[in-house]
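Q: give me the fold of what follows.
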Amino acid sequence: MAQAKKTKQPPRSVKRVSNVPRTAQQTIPYREMLQDGICRVREGYYTKTIEYEDINYSVASNDDQAAIFDGYCGFLNYFDSALPFQLSFINHRARSNKRYRVNIPAQNDDFNSIRAEFSEMLKGQIAKSNNGIMRSKYITFGLPAASLAEARPRMERIESDIIGNYKKLGVAARSLSGYERLEVLHKQLNPGWRGGFTFSWADIPKTGMNTKDFIAPTSFDFRQSRVFHTGAAWGAVSYLQILASELSDKLLAELLELDAEMTITMHINTVDQTKAIKTIKAKLTDIDKMKMDEQKKAARSGYDIDILPPDLVTFSKDAAALLAELQSRNERMFLLTFTIVNTAPARGRLENDVFTVAGICQKYNCALKRLDFQQEQGYMSSLVLGFNAIEIQRGMTTSSTAIFVPFMTQELRMGGQSLYYGMNALSHNVIMADRKKLKAPKGLYCIGRSNDRNIQAVLFVAAQQMDGHPQEKGSGTERGAKRERQPPQEHFTLVNVVKNCRVKSQNLLKKVPFYPRIFSY
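A: Numbers count the residues shown, from 1 in each chain. Below you'll find the model as predicted:
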């Protein structure tokens, strides 16, 4: 009896679960953002971000710079192997609602022409400055925890310690809330966006969206190997290859002074001290073994055994010096990932910015290498989330890591009724200050002997304060004295101020408080 021929059935296709993100929201690497600023990046890992201000480091004396450097080394040594952290330096174009504006309204008097002239002068100074670039500095730290209830008290304690350590350096720092972290992420993910950030926690239950929907751009495009698209902007991610034997503290400062939108990120992991020492000792043992092998070859060949390859001699000296630093000095071992993200509205401008950054790195004997086929990982690692997907690390000691000093010069731009005091010589930004908010609001003086230049500076400030605000009543020299200041018989104009710059300063300062001010901010 003939048997029926069995046909082989084709195997069923196995449906594989892919981790490749399919939407712009899935590309952003975090799970949940809470209102208090704690972010759950992945299961069992939580992060928080602190924003800190700048201090005067570039203009400080050598002794003050050494003191700041030593204090910053102690700040880095606070972090242990269980507490990775991320330093972020973001240069972005100021949005319309954050950019400084000249607001001197006209009034019903004879000085509107002077106000218009002074407004044009201020607009010209702002156009010459770098006020279009906003520079922000953040530190993001993370820790593993089984639950949010376990992570919250530990993160509050670490946050308090970090802010206290910054305070010892004279740096003002504050923790970011969930809304502020989302606003920073929106700036990073939408470069070139000039509008504001529209978000409210009450909108989440009403709309059914999550926080990623409010910060994600219209699209991501990572199909090219060396550049990427985010929305309408071009971007490129590079990493810094440190080749120099000695680094300079001016490298990071020169990069941050560029007139370009960029994000500099340093992911730092602390190596356990015992493990670091054991690793270096093992490397020294391997180098000694290689020396013995070279000496055996020399003995068999009949030449001097003391002649060794130069690389072995150099490696041996460097490893011995590193071991001595870790054992005898207050040094620790860090693993550093240094990435730079450049963004621009056009491809040509992006390549020019990357070329400029590469030139600065080459100046300090470092190389800027583009991340090939890792643009997505590098871009997501630059976000202020404490997430690092780049496995390119460089071993650094505490001193070599602290050489990237994140301080330049302190800006003085106060809101409200601020007065113009000139330009910052280092950052090239305008100096706007409200003396009433300072520690000595009535302290207007010039250092040095009285001369025409000092008197002119006093007169220039006095002219700005003549803006027509009513004087306070009841301001007498004696306690309980009540009197009203009488209106003056004449007014100072800006032209008269310049003409009368040779007037005695003592007589002038007696008259200035009684004259109405003509400038109003």
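Q: where along the stretch 301-450 of the chain do the helices fall?
A: 310-328, 347-363, 375-381, 398-402 (DSSP state H, counting those that start in this stretch).
Q: buried ones in the third one?
A: Within helix 375-381, the residues that count as buried by 16 or more other C-beta atoms under 10 Å are 375, 376, 377, 378, 379, 380, 381. Where C-beta positions appear, they are placed from N, C-alpha and C, glycine not excepted.
Q: just the first one next, same as before
A: By neighbour count with 16+ other C-beta under 10 Å, helix 310-328 contains the buried residues 315, 316, 319, 322, 323, 325, 326.
Q: contacts for it, please.
A: Helix 310-328 is contacted from outside by 273, 276-277, 280-281, 283-284, 287-288, 290-291, 294, 331-333, 397, using C-beta atoms under 8 Å, 6 or more residues apart in numbering.
Q: thinking again about what came up before, closest to residue 110 out of the buried residues of helix 375-381?
A: Comparing these against residue 110 with C-beta to C-beta places residue 379 closest, at 57.3 Å.
Q: so that closest one sits against residue 235, correct?
A: Yes. If you go by C-beta atoms under 8 Å, residue 379 and residue 235 touch, sitting 6.5 Å apart.
Q: quick one: common contacting residues for these two?
A: Shared contacts of residue 379 and residue 235, defined by C-beta under 8 Å, 6+ apart, comprise 228, 341.
Q: those strands in the stretch 201-350 of the chain, which residues are they?
A: Using DSSP state E, counting those that start in this stretch, the strands of the stretch 201-350 of the chain run over residues 220-221, 228-230, 233-242, 262-271, 333-344.
Q: quick one: neighbours of residue 222, just the number.
A: The local packing of residue 222 (other C-beta atoms under 10 Å) involves 17 other residues.
Q: quick one, what contacts it?
A: Taking C-beta under 8 Å, 6+ apart as the test, what residue 222 contacts is 228, 229, 375, 376, 379.
Q: quick one: pLDDT of the first one?
A: Right, the one you point to is residue 228. On pLDDT, residue 228 comes in at 96.
Q: equivalent analysis for the last one, please.
A: According to the predicted model, the pLDDT of residue 379 comes to 97.
Q: residue contacts, it?
A: 222, 228, 230, 235, 237, 341.
Q: please repeat the previous calculation with a cut-off of 10 Å.
A: Neighbour list for residue 379: 27, 188-189, 220, 222, 228, 230, 235-237, 263, 339, 341, 343, 371, 389 [criterion: C-beta atoms under 10 Å, 6 or more residues apart in numbering].
Q: and the buried ones among those residues, selectable in ChimeraX?
A: In ChimeraX, this line selects whichever of these come out buried by 16+ other C-beta under 10 Å:
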select :27,188,189,220,222,228,230,235,236,237,263,339,341,343,371
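Q: just give me the closest of the contacts of residue 379 to residue 56.
A: Residue 56 lies nearest to residue 263 out of the contacts of residue 379, by C-beta to C-beta, at 24.2 Å.
Q: I figured the closest one hits residue 380, correct?
A: No. Counting by C-beta atoms under 10 Å, residue 380 is not a contact partner of residue 263; they are 11.7 Å apart.
Q: what do those two both touch?
A: The contact sets of residue 263 and residue 380 overlap at residue 237 (C-beta under 10 Å, 6+ apart).
Q: break this protein down into its structural domains.
A: 24-94+132-273+330-402, 274-328, 419-472+485-514 (automatic domain parsing).
Q: closest to residue 121 out of these?
A: Minimum separation from residue 121 across these (C-beta to C-beta) falls at domain 419-472+485-514, 8.4 Å.
Q: in CSV: the contacts of residue 222, plus distance to residue 310.
A: Conversion of these to CSV gives the following (distance: C-beta to C-beta, whole Å):
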residue, distance to residue 310
228, 42
229, 47
375, 38
376, 41
379, 40
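Q: what's the closest of those to residue 123?
A: residue 229 (34.7 Å).
Q: and the closest one, bridged to which residues?
A: residue 221, residue 234 (DSSP bridges).
Q: for it, which residues are in contact?
A: Residue 229 makes contacts with 217, 218, 219, 220, 221, 222, 223, 235, 347, 375, as judged by C-beta under 10 Å, 6+ apart.
Q: you'd agree the fourth one is up against residue 27?
A: It stands for residue 220. Yes. Look at residue 220 against residue 27 with C-beta under 10 Å: they come within range, at 5.4 Å.
Q: now do the shared contacts for those two.
A: Common contacts of residue 220 and residue 27 (C-beta under 10 Å, 6+ apart): 21, 189, 230, 376, 379, 380.
Q: just confirm residue 117 is within a helix.
A: Yes. Assessed with DSSP: H, G, I helix; E, B strand; the rest coil, residue 117 lies in a helix.
Q: neighbours around it, how many?
A: Residue 117 has 11 neighbours, counted by other C-beta under 10 Å.
Q: and what of the one 3 residues further on?
A: When neighbours are counted by other C-beta under 10 Å, residue 120 registers 11.
Q: what do you get for residue 337?
A: For residue 337, the neighbour count with other C-beta under 10 Å is 21.
Q: from what I can see it touches residue 241, true?
A: No. Counting by C-beta under 10 Å, residue 337 stays clear of residue 241, with 11.5 Å between them.
Q: name the residues contacting each of these two.
A: Jointly contacting residue 337 and residue 241 under the rule C-beta under 10 Å, 6+ apart are 392, 394.
Q: could you list the low-pLDDT ranges of the stretch 251-400 of the chain?
A: Under the criterion of pLDDT under 70, none of the stretch 251-400 of the chain is flagged as low confidence.
Q: same thing but at 90, please
A: For the stretch 251-400 of the chain, residues meeting the criterion pLDDT under 90 lie at 257-260, 291, 294-316, 318, 321-322, 327-330.
Q: tabulate the CA atom coordinates of the host helix or strand of residue 179 in PDB.
A: According to DSSP states H and E, residue 179 maps onto helix 178-189. Taking Å, rounded to 0.1, in the frame of the first residue of the first chain, the C-alpha atoms of helix 178-189 are listed here in PDB:
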ATOM      1  CA  GLY A 178      10.500  68.500  37.700                       C
ATOM      2  CA  TYR A 179       9.200  71.400  35.600                       C
ATOM      3  CA  GLU A 180      12.600  73.000  35.400                       C
ATOM      4  CA  ARG A 181      14.300  69.700  34.300                       C
ATOM      5  CA  LEU A 182      11.700  69.300  31.600                       C
ATOM      6  CA  GLU A 183      12.300  72.800  30.400                       C
ATOM      7  CA  VAL A 184      16.100  72.100  30.200                       C
ATOM      8  CA  LEU A 185      15.400  68.900  28.300                       C
ATOM      9  CA  HIS A 186      13.100  70.800  25.900                       C
ATOM     10  CA  LYS A 187      15.900  73.300  25.200                       C
ATOM     11  CA  GLN A 188      18.300  70.400  24.400                       C
ATOM     12  CA  LEU A 189      15.900  68.400  22.300                       C
END
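Q: buried set for that helix?
A: Going by neighbour count (16+ other C-beta under 10 Å), the buried part of helix 178-189 is 178, 181, 182, 183, 184, 185, 186, 187, 188, 189.
Q: equivalent analysis for stretch 386-405, please.
A: Of all the residues in stretch 386-405, those buried under the rule 16+ other C-beta under 10 Å are 386-388, 390, 392, 395-405.
Q: need the max-distance pair from those.
A: Maximum pairwise distance in those, criterion C-beta to C-beta, is 27.5 Å, between 387 and 399.
Q: mind checking how far the closest residue to residue 365 other than its chain neighbours is from residue 218?
A: In space, and not counting its chain neighbours, residue 365 is closest to residue 244: 3.7 Å by C-beta to C-beta, 6 or more residues apart in numbering. In this view, residue 244 and residue 218 are 41 Å apart by C-beta to C-beta, to the nearest Å.
Q: more neighbours: those two, which one.
A: Taking neighbours as other C-beta under 10 Å, residue 244 and residue 218 compare with residue 244 leading, 13 against 10.
Q: buried set for the host helix or strand of residue 25?
A: Taking DSSP H and E as the definition, residue 25 sits inside helix 24-27. Using 16+ other C-beta under 10 Å as the test for burial, helix 24-27 gives 24, 27.
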